[in-house]
Each structure stands twice: as C-alpha cells, then as structure tokens.
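[1] Have a look at this fold, sequence not included:
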C-alpha cells in the first residue's frame, strides 16, 4: 500500500479550520504522536516523535511499526500485539521499547486508538529515565535485601512493639526461629530487669523525644545463657507505619574481656598503692636510719656495710619509682587526640626533682602553652631524665640547663636537658636506651631510659644524646606540636 505523505483527512464536510486545529495540535504536542494505516505503516508523525527516535519526518514516513517496535518482532512482539489489539478493540495501552536511530532503546508508555479513515494514532511518552530509575531501585533493593539477609549482625524492624521483620542472624542471637519471633513483643527477648527501660526507650523514640541511638542490652538465649548485645536503633516507616530499625551486634566476648581488664586494672591500682606508699615509705625509713648510723660509725668495715645498705636501699626506692611509672602508664587510657603543654610539664618535673635533691636547674622556655601530641605520661619522660641527671652527676654542685625551643617550622619542639656530670661515651649513647642497659657505675635498674624511649616512640617522638661543653651530656627530646 502506498504511503500517504500528508496528514490524515478530516471527515467529509469538516471545515478547513478543523484541519488547521488538528495540525497545530499534533505538531505542538509534547509527547510523540504516530499515525499508521491498516498495514502498520506510518502516515503521520509529529516533531516530538522524530526527536524521540532520532529520525527525520521523511525517514519515519518511509517506515512501519516493525522497523522501530523493539529489538525485533520475534523477541519483542508488543508492537504487533498492540496494533492487533487496536484493530480488534479500537484501543490499547502498554509499556514497550522502541529502537532509536542510533540503536539504543527508548522505553515508552504507548496509548493507541482508532481514528476516522481506518487509521490509528499512538501517543508515546518517553519513560526511559523513570524505567532506569526503577531498575536501579530494584537492584538496590535486591542488594540491600541480600546484605541484610547475609549480615553477621541481627537486623530487626519493630512496629506496634512487635517484631515485623527479622533476618536469619536474629535466630542465632536469640535461639528462636524467625517465625516465632515475628509478632512477638520485642522486649520479651531481653532479661526481665531491662524490659521496662527498653519499652520506655522505644516509645520515646517513636514520639520524637531525644534518646540514645546506641546502647547495650542483655538478651535471654533459649539455651539458658545471656548475650550482651550492642543495639543501634533509628526510626523509619515500614509498610506505611512508624517503625524502629534495630541492628544488633553480639559483644558478649568483648564485654567479658572488658570486665576482666577492669578487674586486672583494679588489682594493678592496689599493687601501685602498695608499692608507692607502703614499701616506699618503709624504704625511706631504712634510708634515714642508715644515714643516721653511717654518721656514727668509726669502724671502716661496718661503715662499708652501711654504705652498701644505703646504696641498696636507694636502688629499691628507684625500683619503686620505675614500677610506679610503669603501672601509671598501663593504667592510662590511650587517646590518639591527646595534647599537653610541654612547657608546663617540664617546669613541673624540674620542680619535683629539685625539691627532693641537691640539683639546681635553669629553664629557658617560651611562654606557655606549647602543645604537643602526647598525654599526661609525658611527665614520666622528664622525671626519669632529670632523675638520671642527678644519679649520675659526680660534680660537687650538680646543675642542669633545660631549654625548650620551637623549631623553624613550628611543627616540632625540642627539649634539651644539659648536665655537668661526667658525660657519656659515644659507644654508649644509643645503647643506654635498651632494656636493662646502664652505665658501668650506675646503681639504677637500667629500665628508666628504656621506658623513656618507649614512651617517646608511642608519641612518634625521638630522643638522642649529645656532648655538653665543657663536660657532661645533653639529652635531646623532639616531639610533634599539636
């Protein structure tokens, strides 16, 4: 059948202005309009149809519905099926795909009706973006469902105070089958003494009141035991109703470890108190009497024994100081964001050491604060370095010079502790920071400088030893500013 290149004829007797109105309507329509004859060949198209499929009007008027009606008529026969439905019923509506001139598909809603003259008009609305969005939404829903179903954490949705959805992991956490959980009062899985609090938190959350989003709860397992569960909850809408979405993570083992660590820390604090007060006080009494006896002994042999007693007592006191520092370090909560004022810390350490020894000190430092990335255990570093400067100083008037100095970039700060003691040989400068290492004449434990090095390493700091002029050693500490 030859293709009609013009618009469909209006019924006989229709005035010309009706034809004009029809043409104006077709050309200005925002949806694609296609007019086909009884064979399915296009006899009229509007500009929106041309834009939708990427063809010119002349190209489309030389084509038929089978040329653009989906991948091919065997795999996607909707175009022919729609055409048959229109010819039989006078109208049809489907969602289908048309083929663009460049080969990609255009998803459309197609409404077709029979019009006078034995022809058929199809209105096609492009829904490609909507279809793409719905497809992506379905894929995301499938992914989310798979994620929830395969999660190692329990996931539950609660509506009306009852479980409306549970994932398989909830069966492991509670010991109850999913079918038994669904419709159960959610608080019934908790130990009795926590149920009232859970109920109050649930109603407060749904009412929009401020309530914590994460908390721990003890669940009664059907095996007779309990599980400590960390719950993260939020409000959602589920099947048109306000609901609470809860994610449950089993922290039973973690809580058991935390409880054990708490007990050990309590014992460590008790041990620290005994070391710091009872033993140290007793040793100070021994030292006092040893000094008193030493002043009154004329017998050289007895005097030698008293000196040994005094040295050993001082050694024991030093050990209690080291143990005190170690226990305080172990009891300190790690905090990667801690900051301390290094100038204030240095001044306090110098004041503590000079108050109990014959050491004198000069401090050169900028005005505080100078903040560094460390915690309160930084005081242990300077207490040990200053005590070391006292114990190993053979000068009649032991003195130290402490200099705190910001480096050029202000990213780091150095603290120099210069003494007037005998100095340290080059071969021993690095070795002294090893565990158990000490100088040949040192009465100490060899742990203090090791502890200093370990602490500074935890702060991403550094320490080294230089020679002082005219005699002595300089301990240099470098830390990052914060």
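    Received the coordinates, thanks. All values derive from a computational prediction rather than experimental measurement.
[2] Please list the residues outside the host helix or strand of residue 389 that contact it.
    Per DSSP states H and E: residue 389 is located in helix 378-391. With contact meaning C-beta atoms under 8 Å, 6 or more residues apart in numbering, helix 378-391 is reached by 318, 321, 325, 328-329, 340, 342, 345-346, 348-350, 352-353, 357-359, 361, 372, 398, 400, 415, 417, 419, 421, 442-444, 448-449, 451-452, 455-456, 459, 475, 477. Any C-beta I mention is one placed from the backbone N, CA and C, and that applies to glycine too.
[3] Quick one: mean pLDDT over that helix.
    For helix 378-391, mean pLDDT rounds to 88.
[4] Check stretch 262-271 too.
    The pLDDT scores in stretch 262-271 average 77.
[5] Contacts made by the helix or strand containing residue 346 with the rest, please.
    Taking DSSP H and E as the criterion, residue 346 maps to helix 342-356. Here helix 342-356 makes contact (C-beta under 8 Å, 6+ apart) with 359-361, 363, 365-372, 374, 378-379, 382-383, 386-387, 390, 400, 402, 404, 413, 415, 479.
[6] What's the mean pLDDT across it?
    91.
[7] do the same with stretch 22-33
    85.
[8] buried ones in that stretch?
    26, 31-33 (16 or more other C-beta atoms under 10 Å).
[9] Restricted to strands, list these.
    Counting by DSSP state E, the part of those found in strands is 32-33.
[10] Relative to residue 200, which of the buried residues of stretch 22-33 is nearest.
    Distance to residue 200 across the buried residues of stretch 22-33 (C-beta to C-beta) is lowest for residue 31, with 55.9 Å.
[11] quick one, phi/psi of that closest one?
    phi -100, psi 160 (degrees, to the nearest 10).
[12] does it really touch residue 127, like I thought?
    No: the criterion here is C-beta atoms under 8 Å, and residue 31 misses it with residue 127 at 10.8 Å.
[13] Scan this structure for its longest helix.
    As assigned by DSSP state H, the longest helix anywhere in the chain is helix 300-331.
[14] That one - what's its average pLDDT?
    Averaging pLDDT along helix 300-331 gives 76.
[15] okay, the angle between that helix and helix 378-391?
    Counting by axes from the mean of the first three to the mean of the last three C-alpha atoms, to 10 degrees, helix 300-331 lies at 170 degrees to helix 378-391.
[16] how about residue 283, what does it touch?
    Residues in contact with residue 283, defined by C-beta under 8 Å, 6+ apart, are 313, 316-317, 320.
[17] What is the nearest of those residues to residue 131?
    Once C-beta to C-beta is applied, the member of these that ends up nearest residue 131 is residue 320, at 78.0 Å.
[18] how about low-confidence regions in the chain?
    The model of the chain has pLDDT under 70 over residues 1-20, 70-83, 85-86, 143-148, 275-277, 325-326, 328-337, 435-446.
[19] of the contacts of helix 342-356, buried ones?
    Looks like those have 359, 361, 365, 370-372, 374, 378-379, 382-383, 386-387, 390, 400, 402, 404, 413, 415, 479 buried, using 16+ other C-beta under 10 Å.
[20] Mind naming the longest strand for the chain?
    Max-length strand for the chain by DSSP E is strand 226-238.
[21] For the closest residue to residue 100 other than its chain neighbours, grab phi and psi.
    Leaving aside its chain neighbours, residue 100 sits nearest to residue 54 (4.9 Å; criterion: C-beta to C-beta, 6 or more residues apart in numbering). Dihedral pair for residue 54: phi 80, psi 20, per degrees, to the nearest 10.
[22] Can you tell me how far residue 54 is from residue 104?
    9 Å (C-beta to C-beta, to the nearest Å).
[23] now the helix holding residue 389: how far from the chain's centre is it?
    38 Å (C-alpha atoms, centre = their mean, to the nearest Å).
[24] and what of stretch 124-138?
    Distance, centroid of stretch 124-138 to centroid of chain: 35 Å (C-alpha atoms, centre = their mean).
[25] what sits up against it?
    Applying C-beta under 8 Å, 6+ apart, the contact partners of stretch 124-138 are 31-34, 49, 52, 95, 98, 105-110.
[26] domain assignment for this protein?
    Using automatic domain parsing, the domain parsing of the chain gives 16-131, 151-250, 252-331, 336-482.
[27] can you redo these as CSV with distance to residue 142?
    Rendered in CSV, the data for the domains of the chain read as follows (distance: least, C-beta to C-beta, whole Å):
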stretch, distance to residue 142
domain 16-131, 16
domain 151-250, 15
domain 252-331, 32
domain 336-482, 40
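[28] Can you tell me which of these is nearest to residue 141?
    Between the domains of the chain, domain 151-250 lies closest to residue 141; by C-beta to C-beta that is 13.8 Å.
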